[in-house]
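In: Structure for the following, please:
(4 chains)
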Number of protein chains: 4
Amino acid sequence: MLRGIFAPIPTSFTEDGDVDYRSLERNLNRWAQTDLTGVVVLGSNGEFVYLSEKEKVEMVRFVREHFPGDRPVIAGTGCESTRATVALTARAAEAGCDAALVLTPHYFKGAMNPGVLKRFFFDVADSAEIPVMLYNMPGNTGLNMTSALVIELSEHPNIVGIKDSGGNIVQISEIIAGTPDDFSVFAGSGSFLLPALTMGAVGGTLAVANIMADECAATLAASEAGDMEKAVALQRNLLKPNAAVTGRFGIPGLKAAMDMLGFSGGPPRRPMLPLPEESRRELRSVLADAGLDPRGH
Amino acid sequence: MLRGIFAPIPTSFTEDGDVDYRSLERNLNRWAQTDLTGVVVLGSNGEFVYLSEKEKVEMVRFVREHFPGDRPVIAGTGCESTRATVALTARAAEAGCDAALVLTPHYFKGAMNPGVLKRFFFDVADSAEIPVMLYNMPGNTGLNMTSALVIELSEHPNIVGIKDSGGNIVQISEIIAGTPDDFSVFAGSGSFLLPALTMGAVGGTLAVANIMADECAATLAASEAGDMEKAVALQRNLLKPNAAVTGRFGIPGLKAAMDMLGFSGGPPRRPMLPLPEESRRELRSVLADAGLDPRGH
Amino acid sequence: MLRGIFAPIPTSFTEDGDVDYRSLERNLNRWAQTDLTGVVVLGSNGEFVYLSEKEKVEMVRFVREHFPGDRPVIAGTGCESTRATVALTARAAEAGCDAALVLTPHYFKGAMNPGVLKRFFFDVADSAEIPVMLYNMPGNTGLNMTSALVIELSEHPNIVGIKDSGGNIVQISEIIAGTPDDFSVFAGSGSFLLPALTMGAVGGTLAVANIMADECAATLAASEAGDMEKAVALQRNLLKPNAAVTGRFGIPGLKAAMDMLGFSGGPPRRPMLPLPEESRRELRSVLADAGLDPRGH
Amino acid sequence: MLRGIFAPIPTSFTEDGDVDYRSLERNLNRWAQTDLTGVVVLGSNGEFVYLSEKEKVEMVRFVREHFPGDRPVIAGTGCESTRATVALTARAAEAGCDAALVLTPHYFKGAMNPGVLKRFFFDVADSAEIPVMLYNMPGNTGLNMTSALVIELSEHPNIVGIKDSGGNIVQISEIIAGTPDDFSVFAGSGSFLLPALTMGAVGGTLAVANIMADECAATLAASEAGDMEKAVALQRNLLKPNAAVTGRFGIPGLKAAMDMLGFSGGPPRRPMLPLPEESRRELRSVLADAGLDPRGH
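Out: Numbers count the residues shown, from 1 in each chain, chains lettered A, B, ... in the order given. Okay, the predicted model is just below:
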């Protein structure tokens, strides 16, 4: 059963926009020294929509190869078409990934009714040689998977959990209440990690875990130990850094924070642009206020 | 400091659409026998937008008079104009209400920027002889008060709390983290009562508390006692009845549930229509599944 | 059959926030000298949600009394409850108004399904002694009346038209195509007057007609005469002033523009605030660019 | 200067989900016998998000090769990343396409501010050897390009027009009024073709043009000839078939309609599913009502 804190890692790029495997390897080595349970490659923070088909496969292989074998790697394999999703999931399985995180197809929003989505996820789960985790990301897709649909999908033996980034705690509560006990519900953002854990979530895939891995892991540990006072204090401390590296400054903010904290963040790929100087100052101040040490450039 | 579980009580109507004070009195007597901390008159569930100016004042007086004097009554006094809100708040104070719950004006959405809203709430709070509680209800108003605005408003000495019905647990967490310790944050729906309490909310104003007052109070008590297992079980049991008397079947559903459970629910005022028979069957089943005894008509 | 250009007139207020009937009378006299077909009292631009029950009735009477008897006055009579809408419509009929413009009730958005709305409008139209015009204003209400619903409502003998402010030209086209030939479709904003006329609309109720009455009337005349080149030129010239007195600067902008153009605009009622100085400068420039003469304060 | 009626052609698939070039060729031959000005390959109706990188290039080449050389072919080349968009645009130019239709990147909605979008479109237009047409499709992307942004982009010498599928006639009017006379504004849906033409649009890229090419061309011709009565009648007749092959039944509806009308529609690619039988009956009736002859299977 999937559980614990996962970092949806960014893809490193050179100034020219090529994938920068040396920086990525350095980052992986550092994440390996934290309390992270594992990592997600090709999540939204991995800028997967900016990667070519070939780069996606290379990324999956590289990350699995360069991250400790005893820690799980989850691969984001959702594409718009069923066939592309099936194919990429097969590549992730071959590479030794532990699970596939499958985003809802969404470009044709009007056509993605529950019946179509059910057929899509069942087709992918049927063919996959690794467990499938659903990925609900309405902020980017403009499409929400309802709790009723998720509960229906949880009946498939190879659909083992969900990362819900929508942040609707009622929906998360309904999913937990309606799915089997071994169906893993993950918070999709550090901003609502503890509320989700309280209602029965068993982990999180959190952008902020890239830079505050141990703090996220400690929040989970305190929650599991029933030390709510400590858990709440830790959760509150996550709020502002989490907002800074997600909604407020986005991936450019996450990468800038990584640079400040000794990782190799580097630039995002175009059309995304690096964080402007003024925002960097604000970001630095947020990180310092949260007890971090943003001395990097 | 305001804390505890409040029921936003419905306004009883006769079949002809007049206010039915006899039914209302019966209901108030029953609520007085529960563990409710207090009630809210003229909340959304009170169909306040369907009452005339005169009826609003009568309702406030009647409820304060017929509910135990040692239990607080909060009056919903938000109107679109500042002057009407100020006037109704003065009537509520005269009637002996303990606080005013003030909804965001919202018809001219485009004009209700943070500066205008700040001036509105400060004007109302300046003139009010009772404490003011903010009321954020984006589902009905189409307008959300951001955490930044609420934090700014909390600096006013006579603005003492907020009922947030939006259900955005991140926003609620940010408000709790950013406001003074004696600023009361209330969950605005039973569906996210426990997550809100976990993050530091001190109570709730919950439609479902009209029919499950003791269960809501027990959830709060378990949370305060640190018995999370019990609290989570109670919270989960609230989910479906809460959905049934809010989003799913609305006020017609709440009133039908009251009828089934021995209260005097009666019809909503037009244009709202009573719950259709098929929905009543579903509702009855939801209530029974939650351990209630829906034997009434 | 209702047709032509109507101005949804603002309610004049003194600096203290009382209704300013002297200013209103001056404005009515000026509008009477334009090519306006008639006026709408208690429309959105009339800040009707900020008026008391008593003020609404007074406004209806005053405007009908002080505007030329041979020109129609339409009264906005939509309230949230059926009974209040019926009562205000009766007052408008007594006052001699020519039609009632009835907004969709909308606070309980989730409950306002097509069946409920149909019953509401039929109840109002059944009881009304003057013709009823539907008022679709999704920007303020957060609720859109679909073309299917409007077509169904158009079957009632006393529902004679619609003012559609949504600006969805496809919906407007569908309504025109699906309703009887004597059902009057009015553009609800000057920004899409000509496209609506082209598809078969027969008039408009336009905020911008308060300050550019003759230009709006000329657009209608050119369209009816088939002089599309002239109509398009006139329509284009309406775009920026229209945006300035609606979405961009709102009612504060409309009132400021009236002050600049020799009307008595005055302040909006609180919580709305007068247009800030910087915006006034931009507004003045927009008006001048459109060929107006904004010399007033 | 780009002008006229273009069909955004579907990609034909076999039952197994492979690209079906024989069916596509048959369709291209039929479209070549209509009054279509040209076609768009890899538009939304081409299910471009379901095609592999290789298939996209093949499609562009095949369509250009098999459509009459004297009629323009526009290629949809928008991808999420700048580099992929630049590369595909280069392939389209090599294949002899006449222009590139470039969709807004949109997955990271929060990061796609006007500055980022401007840089993206300028980067693409700078490198492109064929003219660039902007593609605004908020219904699928969840992102709208404002008229202010489009006006700014129109200053680039190689950005020559826009296909606006949003249907906001005010925005379209503002764009036409604010851009140079040789900037081509195209309606993006047959439902608002005439209103857009009236305000100064010079063509359309219309799903419904796949099945009613001559009717669309006749609408444009009547509008250009100033025969508004005929234009309006033609436009009204487009409304229901257009709705059926776009919002109502989507691409499965368009393909089913093609099958009924003697084209080779075939199935959509998964996850989209063929139109269910009940919807096919409704569709057939819509087509017949519009004067078509849906005798095919």
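
In: What residues does the stretch 151-297 of chain A have near chain B?
Out: Residues of the stretch 151-297 of chain A lying close to chain B by CB under 8 Å from any CB of the partner chain are A:167-170, A:173-174, A:177, A:189, A:191-192, A:194-195, A:198-200, A:226, A:228, A:232, A:235-236, A:239. All C-beta atoms are positioned from the backbone trio N, CA, C, and that covers glycine.

In: Let's see which of those residues end up in strands.
Out: Applying DSSP state E to those, no entry is found in strands.

In: Can you select the buried ones from these in ChimeraX?
Out: To isolate the buried members of these in ChimeraX, using 16 or more other CB atoms under 10 Å in any protein chain shown:
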select /A:167,168,169,170,173,174,177,189,191,192,194,195,198,199,200,228,232,235,236,239
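
In: Give me the contact list for stretch A:13-23.
Out: A:11-12, A:51, A:55, A:58-59, A:62, A:264, A:266-270, D:83 (CB atoms under 8 Å, 6 or more residues apart in numbering or on different chains).

In: In those residues, find the pair that's most separated.
Out: A:Phe62 and A:Arg270 (21.7 Å; CB to CB).

In: Any chance you could list what contacts stretch A:229-244?
Out: Contacts of stretch A:229-244 with the rest of the structure, by CB under 8 Å, 6+ apart, involve A:189-191, A:193-194, A:197, A:206-208, A:211-212, A:215-216, A:218-219, A:222-223, A:253, A:257, A:282-283, A:286-287, A:289-292, B:170, B:173-174, B:177, B:198-200.

In: which of the residues in it are buried?
Out: In stretch A:229-244, counting by 16+ other CB under 10 Å, buried: A:231-232, A:234-244.

In: List just the nearest of those to chain D.
Out: A:Ala243 (11.6 Å; CB to the nearest CB).

In: Relative to A:Asp214, how far out is the closest one?
Out: 19 Å (CB to CB, to the nearest Å).

In: Same check on A:Phe62?
Out: 25 Å.

In: Looking only at neighbour counts, state which of the two leads.
Out: A:Phe62 (18 against 14; other CB atoms under 10 Å in any protein chain shown).

In: Not counting sequence-adjacent ones, nearest residue to that one?
Out: Distance criterion CB to CB, 6 or more residues apart in numbering or on different chains; nearest residue to A:Phe62, sequence neighbours excluded, is A:Tyr21 at 6.0 Å.

In: what about the residue in the stretch 1-150 of chain A that chain C sits nearest to, which SS state?
Out: In the stretch 1-150 of chain A, the residue found nearest to chain C is A:Gly110; the distance is 14.8 Å by CB to the nearest CB. Put simply, A:Gly110 is helix when judged by DSSP: H, G, I helix; E, B strand; the rest coil.

In: Over to the one 10 residues further on?
Out: Of the three states, A:Phe120 takes helix under three-state DSSP.

In: can you count the residues close to it?
Out: If you count neighbours by other CB under 10 Å, A:Phe120 ends up with 23.

In: Wait, it touches D:Pro271, no?
Out: Yes: if you go by CB atoms under 8 Å, A:Phe120 and D:Pro271 touch, sitting 3.8 Å apart.

In: Return the residues of the stretch 1-150 of chain A in contact with chain D.
Out: A:17, A:44, A:49-53, A:80-84, A:105, A:107-112, A:115-117, A:119-120, A:123, A:139-142.

In: Now intersect these with the helices, please.
Out: Among those, DSSP state H puts A:53, A:82-84, A:115-117, A:119-120, A:123, A:139-141 in helices.

In: where's A:Pro252, which helix or strand?
Out: Assigned by DSSP states H and E, A:Pro252 belongs to helix A:250-260.

In: Can you get me a residue count around A:Lys54?
Out: Neighbours of A:Lys54 (other CB under 10 Å): 9.

In: I meant A:Ala288, not that one.
Out: Around A:Ala288 there are 13 residues (other CB under 10 Å).

In: buried sites along stretch A:66-81?
Out: A:66-67, A:72-81.

In: okay, the residues you listed in JSON lines with secondary structure and distance to B:Val39 next?
Out: Putting the buried residues of stretch A:66-81 into JSON lines (DSSP: H, G, I helix; E, B strand; the rest coil; distance: CB to CB, whole Å) gives the following:
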{"residue": "A:His66", "secondary structure": "helix", "distance to B:Val39": "61"}
{"residue": "A:Phe67", "secondary structure": "coil", "distance to B:Val39": "56"}
{"residue": "A:Pro72", "secondary structure": "coil", "distance to B:Val39": "51"}
{"residue": "A:Val73", "secondary structure": "strand", "distance to B:Val39": "54"}
{"residue": "A:Ile74", "secondary structure": "strand", "distance to B:Val39": "49"}
{"residue": "A:Ala75", "secondary structure": "strand", "distance to B:Val39": "53"}
{"residue": "A:Gly76", "secondary structure": "strand", "distance to B:Val39": "49"}
{"residue": "A:Thr77", "secondary structure": "coil", "distance to B:Val39": "52"}
{"residue": "A:Gly78", "secondary structure": "coil", "distance to B:Val39": "48"}
{"residue": "A:Cys79", "secondary structure": "coil", "distance to B:Val39": "53"}
{"residue": "A:Glu80", "secondary structure": "coil", "distance to B:Val39": "51"}
{"residue": "A:Ser81", "secondary structure": "coil", "distance to B:Val39": "55"}
